[in-house]
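J.: Have a look at this prediction, sequence included:
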Amino acid sequence: QVQLVESGGGLVQAGGSLRLSCAASGINFRLSAMHWYRQAAGRERELVAAITREGVSNYADSLKGRFTISRDNAKNTVFLQMSNLKPEDTAVYYCSSVSLLGLTSWGQGTQVTVSS
């Protein structure tokens, strides 16, 4: 049974930082690409960052320089370090995995709220 469990969300003031974690089980983590998405109220879910099996990362253009994705294969965990947060970063942040066969799994999400 695949489980992706996000943690680390919360309320932070603008300019602050948060580190999200996503612990995976039931998947071959080393062979999975991992992604972070977010969905703000009333908006579509959007890709925030992705990291390949080899550790190559990509980001939404608007977030480059503020967000960093990383993975720890020994702990089956992917991270999203967010800095200089802005109110428009407020959203539910989701972790997803994509297997070699293209199967996608999702976590339940963690709320990030940035106050001005």
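T.: Good, I have the coordinates.
J.: What is the burial count for Thr104?
T.: Look at Thr104: counted by other CB atoms under 10 Å, it has 12 neighbours. Using the backbone N, CA and C atoms, a C-beta is placed for each residue, glycine as well.
J.: Name the residues linked to it by a beta bridge.
T.: Residues in a beta bridge with Thr104, per DSSP bridges, are Val98.
J.: Distance of it relative to Val2?
T.: 10 Å (CB to CB, to the nearest Å).
J.: which residues touch Leu63?
T.: Contacts of Leu63 were listed using CB atoms under 8 Å, 6 or more residues apart in numbering, and they are Val48, Ala49.
J.: one step back: which neighbours do Thr104 and Val2 have in common?
T.: By CB under 8 Å, 6+ apart, the residues touching both Thr104 and Val2 are Ser97.
J.: quick check: mean pLDDT across stretch 92-101?
T.: The average pLDDT within stretch 92-101 is 96.
J.: Name the residues of that stretch that come out as buried.
T.: Val92, Tyr93, Tyr94, Cys95, Ser96, Ser97, Val98 (16 or more other CB atoms under 10 Å).
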